[in-house]
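A.B. asks: give me a 3D structure for the following:
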Amino acid sequence: MNIVATTVALNVGDVAASSMFFTTHLGFREALSQEELVALSRDDGAVDILLQQRSLEEPPSPRLADVIVSFTVTDIAAEHERLRGEGANITVPLHHEPWGEWALRLTDPNGVVVQLVEWIPPFRD
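C.D. replies: Next up, the predicted model:
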């Protein structure tokens, strides 16, 4: 098997709201836009995001655990300040984990949780 691309597909209630969140705060661009589907991409190595309109007749899938879309970034402190300045919905503020990461979480208008992480050496006692 040769994997040539990776896409995370998210079923959301408001495709336009999620697209606005990802393009405004996370630097994605719309590569394809249709009424019930938007494909988002970046020019770096980030995974592509496919936003699909969730069927109103179908309840959210009970099979899925809480999904977190996680991006490893550089200079997370600067990203945190930028996002705060933009008024992004930061639901878990920037914090250091003992296993060696700085992390913060954002939540888009449809409840999609996005985590930004920067790996650093772990704390030592």
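A.B. asks: what segments of the protein are strands?
C.D. replies: 7-12, 29-34, 37-41, 48-53, 68-72, 90-97, 101-107, 113-119 (DSSP state E).
A.B. asks: tell me how far the fourth one is from the chain's mean position?
C.D. replies: Here strand 48-53 shows a centroid-to-chain-centroid distance of 11 Å under the convention CA atoms, centre = their mean, to the nearest Å.
A.B. asks: who touches that strand?
C.D. replies: For strand 48-53, the surrounding residues in contact (CB atoms under 8 Å, 6 or more residues apart in numbering) are 5-13, 15, 18-19, 22, 28, 31, 35-41, 69. For every residue, glycine as well, the C-beta is placed using N, CA and C.
A.B. asks: just the buried residues out of the residues you listed, in ChimeraX syntax.
C.D. replies: Here is the ChimeraX command that selects the buried residues among these (16 or more other CB atoms under 10 Å):
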select :10,11,12,15,18,19,22,28,38,39,40,41,69
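A.B. asks: so for Glu81, which of the strands of the chain sits nearest?
C.D. replies: For the strands of the chain, proximity to Glu81 was assessed by CB to CB; strand 90-97 is nearest, at 9.1 Å.
A.B. asks: which strands or helices does the closest one pack on?
C.D. replies: Counting contacts by 3 or more CB pairs under 8 Å, 6 or more residues apart in numbering; DSSP states H and E, strand 90-97 is packed against helix 76-86, strand 101-107.
A.B. asks: would you give the sheet partners of the shortest one, along with the direction of each?
C.D. replies: What that stands for is strand 101-107. According to DSSP bridges, strand 101-107 forms sheet pairs with strand 90-97 (antiparallel), strand 113-119 (antiparallel).
A.B. asks: would you point to the one among those that's packed deepest?
C.D. replies: Mean neighbours per residue, mean count of other CB atoms under 10 Å, is largest over those for strand 113-119, with a mean of 18.
A.B. asks: what's that one in contact with?
C.D. replies: The contact list for strand 113-119 (CB under 8 Å, 6+ apart) reads 26, 66-76, 79-80, 91-92, 100-108.
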